[in-house]
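In: Model the structure of this input:
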Amino acid sequence: MRPYRHLLAPLLFAGTLLAAPVHAQSPAAARPVRITVDTTQTIGKLPPIWRFFGADEPNYATMKDGKKLITELGKLKRGDIYFRAHNLLNTGDGTAAFKWGSTDIYNETPDGKPIYNWTNVDRIIDTYRAAGIHPYLQIGFMPEALSSAPAGTPYRHDWRPGFDYKRIMSGWAYPPKDYDKWRELIFQWAKHNVERYGRAEVERWYFEIWNEANGWYWKASHDEFYKMHDYAVDGIRRALPTARVGGPDAAGAGGAFMDGFLQHVTAGRNYATGQIGTPTDFLAFHAKGRPTFVDGHVRMGIAQQLKEANDGFTKTLSNPALAGKPVVIGESDPEGCAACPGPANAYRNGTMYSSYTAASFARMWELAARRKVNLDGALTWAFEFEDQPWFAGYRQLSSNGVDLPVLNVFRMFAQLGADRLAATSDAQLPLDTVMRDGVRAAADVGTIATRTADGKVAVLVWHYHDDDVPGADAAVTLALRGVKRGAGARATVWRVDGDHANAFTAWKKMGSPIAPDDAQYVQLEQASVMQPQPLALTGAAGGATTATLEVPRQGVALVVIDGQ
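Out: Okay, here's the model as predicted:
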């Protein structure tokens, strides 16, 4: 994940600037919004692109709060969640730190013979599998004994929040000094994984090589990356010929680097095999937004993220031999550095992050359909930071084991069905407007409606604006056509807003304690949970069934209608 320099502000204590501003309830009258859903009209599929997550720090997954969160992620869509992590091949003792991790997977004897150590990496993958999660397995970075870094180059970086991001580059970012040993390491690891987890399981994994080699994470030429990639893929496919391999998880659309990659894997001479081309089962790039801090508040950059996604789609479609391949946006986030708190990133604890997530994923679905891209996933690069201050301003899904509002939006996504229904909102901004201007004038009150496998209708509603300032609620009238039992059907609503499923609000009401006690911790856990509420349905002329609900600014709601 690439940094944005203007985000690298010094770490500020939670509860001051990093805590999202608390706005008084706006006295403005609620804005009327009408959402219409035709439950008889299916307009296509809604693939669960949200089911991918990841983090720089692989070792957090095995720690107390990391395990707790991994378990929760696994519950979202059992057997179909994926996790990506950097640093899985790094040399070290397994101690986690900001933007760092290690497994000590490879060392050498004094005479240069390989020593393989699967203990730590097995512990990490075992944790995923215990929760029903599959690896989106990143092959990186370079073990110290294989690194071609110049003599005197430190291997482990000393970066911390507030430091110049260049300090993250160290000996792990260099090509191997022996490509045969590099390929053999990857072969042995893939072979070990097949033996440990079974062929059928490992066939479900995604194998991708490195991270953002066109950016900060690679200290060599593009051609040298293509060579390293070829040797790694050859090692994987030698162990498991049916392994799903791809990449290159470029920063942004990838520019000339991605052009060269697409050309190389389709028509170039494979460095490892001598044949033409390199096996490629999926393509991956990254898309990030760009929030700013203006006039004392956060202003999100949803337009920037959508533009980067659109540019990435253009690249993946540019080579006819690969245009139909599945695409994964391997990091898809509001900005570029999860471990970098600062004024522009003060959106993370509260409902800016959750409403942005709903509004941005909706546009990713729409954009992929428009571009006819086979979008398989949009990976959220957010996890948790172990043993940090409460609500410290990092991009994460939980704080000290307590879920943040954004995680509940993913729980809402998990209740959506695979069949998309015709739905319109008279306050939803067009995709082109959001891509060009963001959401800077009228707020975006939008919807997605689906039918679930068990016949329910699930309707997602979001109320989003780029600016974190007060605004009127949306008074939503939900009109449903084709509900068989009409007003006799049962409707339930789940909410994520300032007063619902929001541990951050509860923590501030407690006085923002530095160290919540046992009783307060239980209260925070309870406050984080979405609570289903009944929603009244009424009949209307013409056979429509209606419901009304208010959705606060930066709120998200999910309405589920049963009894179809």
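In: isn't R167 right next to R156, touching?
Out: No - counting by C-beta atoms under 8 Å, R167 does not reach R156; the two are 11.1 Å apart. No exception for glycine: its C-beta is placed from N, CA and C like everyone else's.
In: So which of the two has more stuff around it?
Out: Legend: neighbour count by other C-beta atoms under 10 Å for R167 and R156, higher for R156 (16 against 12).
In: hang on, the more buried one packs against T95?
Out: No - counting by C-beta under 8 Å, R156 sits too far from T95 to count as a contact (9.9 Å).
In: Please identify every residue contacting each of these two.
Out: S102 (C-beta atoms under 8 Å, 6 or more residues apart in numbering).
In: Could you verify that E335 is part of a helix?
Out: No - assignment of E335 by DSSP: H, G, I helix; E, B strand; the rest coil gives coil, placing it outside any helix.
In: which residues touch it?
Out: Going by C-beta under 8 Å, 6+ apart, the list of residues near E335 reads 4, 7, 288-291, 301, 344-345, 395.
In: What distance do you get for it to Q304?
Out: Here the criterion is C-beta to C-beta, to the nearest Å. By it, E335 lies 9 Å from Q304.
In: that older thread, quick check, nearest of the contacts of E335 to G268?
Out: K288 (28.8 Å; C-beta to C-beta).
In: Go through this structure and flag its longest strand.
Out: When the chain is scanned for its longest strand (criterion: DSSP state E), the result is strand 31-45.
In: Give me the angle between the longest helix along the chain and strand 31-45.
Out: Taking DSSP state H as the criterion, the chain has its longest helix at helix 351-371. In terms of direction (axes from the mean of the first three to the mean of the last three C-alpha atoms, to 10 degrees), helix 351-371 departs from strand 31-45 by 40 degrees.
In: what's the neighbour count on I329?
Out: 28.
In: cool, the one 5 residues further on as well?
Out: Here the neighbour count serves as a burial measure; for P334 (other C-beta under 10 Å) it reads 27.
In: okay, now the closest residue in space to it that isn't next to it in sequence: neighbour count?
Out: Nearest non-adjacent residue to P334, counting by C-beta to C-beta, 6 or more residues apart in numbering: G289, 4.3 Å away. If you count neighbours by other C-beta under 10 Å, G289 ends up with 23.
In: I figured G289 hits R299, correct?
Out: No - the criterion here is C-beta under 8 Å, and G289 misses it with R299 at 10.7 Å.
In: show me what contacts L375?
Out: 47, 49, 326-329, 364-365, 368.
In: what residues does the lowest-mean-pLDDT helix or strand in the chain touch?
Out: The weakest-scoring helix or strand in the chain, judged by mean pLDDT, DSSP states H and E, is strand 538-539 (a mean of 90). By C-beta under 8 Å, 6+ apart, the residues outside strand 538-539 that reach it are 486-487, 545-547.
In: What segments of the stretch 201-350 of the chain are helices?
Out: 222-239, 255-267, 302-317 (DSSP state H, counting those that start in this stretch).
In: want to throw those into JSON lines with distance to H465, mean neighbour count and mean pLDDT?
Out: JSON lines is the format used below for the helices of the stretch 201-350 of the chain (distance: least, C-beta to C-beta, whole Å; neighbours: other C-beta atoms under 10 Å; pLDDT from 0 to 100):
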{"stretch": "helix 222-239", "distance to H465": "40", "mean neighbour count": "22", "mean pLDDT": "98"}
{"stretch": "helix 255-267", "distance to H465": "32", "mean neighbour count": "19", "mean pLDDT": "98"}
{"stretch": "helix 302-317", "distance to H465": "10", "mean neighbour count": "21", "mean pLDDT": "98"}
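In: could those helices go into CSV alongside distance to G79?
Out: Below are the helices of the stretch 201-350 of the chain laid out as CSV (distance: least, C-beta to C-beta, whole Å):
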stretch, distance to G79
helix 222-239, 23
helix 255-267, 30
helix 302-317, 27
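In: Dig out what the residue positioned nearest the centre of the chain forms beta bridges with.
Out: The chain has T380 as the residue nearest its centroid, 0.5 Å off, counting by C-alpha atoms, centre = their mean. When assigned by DSSP bridges, T380 has beta-bridge partners F53.
In: per-residue pLDDT, the closest residue to H297 other than its chain neighbours?
Out: Among residues not flanking H297 along the chain, D468 sits closest, at 4.8 Å (C-beta to C-beta, 6+ apart). With respect to pLDDT, D468 has a value of 97.
In: Now do D468: how many residues are near it, please.
Out: If we define neighbours as other C-beta under 10 Å, then D468 has 24 of them.
In: separation between it and V265?
Out: Taken as C-beta to C-beta, the span from D468 to V265 is 42 Å.
In: hmm, back to that, in JSON lines, list the contacts of L375 along with pLDDT.
Out: Listed next are the contacts of L375 as JSON lines, based on pLDDT from 0 to 100:
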{"residue": "P47", "pLDDT": "98"}
{"residue": "I49", "pLDDT": "98"}
{"residue": "P326", "pLDDT": "98"}
{"residue": "V327", "pLDDT": "98"}
{"residue": "V328", "pLDDT": "98"}
{"residue": "I329", "pLDDT": "98"}
{"residue": "M364", "pLDDT": "98"}
{"residue": "W365", "pLDDT": "98"}
{"residue": "A368", "pLDDT": "98"}
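In: just curious, which of the residues you listed is nearest to G312?
Out: Using C-beta to C-beta, the contacts of L375 come closest to G312 at I329, 6.8 Å.
In: hey, what's in contact with both of E335 and Q304?
Out: In contact with both E335 and Q304: 288-290, using C-beta under 8 Å, 6+ apart.
In: which regions of this structure sit below the pLDDT cut-off?
Out: 1-27, 540-542, 563-564 (pLDDT under 70).
In: For the residue nearest to A309 when sequence neighbours are not counted, list the residues it contacts.
Out: Residue nearest to A309 in three dimensions, not counting chain neighbours: A287, with 4.1 Å by C-beta to C-beta, 6+ apart. The neighbourhood of A287, defined by C-beta under 8 Å, 6+ apart, consists of 252, 305-306, 308-309, 312, 329, 331-332, 378.
In: For A287, give the beta-bridge partners.
Out: Those that pair with A287 in a beta bridge, by DSSP bridges, are S332.
In: and it, how far is that from T40?
Out: Taken as C-beta to C-beta, the span from A287 to T40 is 35 Å.
In: and what of A251?
Out: Counting by C-beta to C-beta - A251 and T40 are separated by 44 Å.
In: Then I125?
Out: In terms of C-beta to C-beta, I125 sits 45 Å off from T40.
In: Would you mind telling me which of the two has more residues around it?
Out: I125 (24 against 12).
In: Which strand or helix spans the more buried one?
Out: helix 119-130 (DSSP states H and E).
In: from the chain's centre, how far out does that helix sit?
Out: 20 Å (C-alpha atoms, centre = their mean, to the nearest Å).
In: cool, stretch 386-406 as well?
Out: Centre to centre, stretch against its chain (C-alpha atoms, centre = their mean), the figure for stretch 386-406 is 15 Å.
In: ok, now stretch 523-542?
Out: 27 Å.
In: Okay, buried residues for that stretch please.
Out: Buried residues in stretch 523-542, defined by neighbour count with 16 or more other C-beta atoms under 10 Å: 523-524, 527-528, 530, 535, 537.
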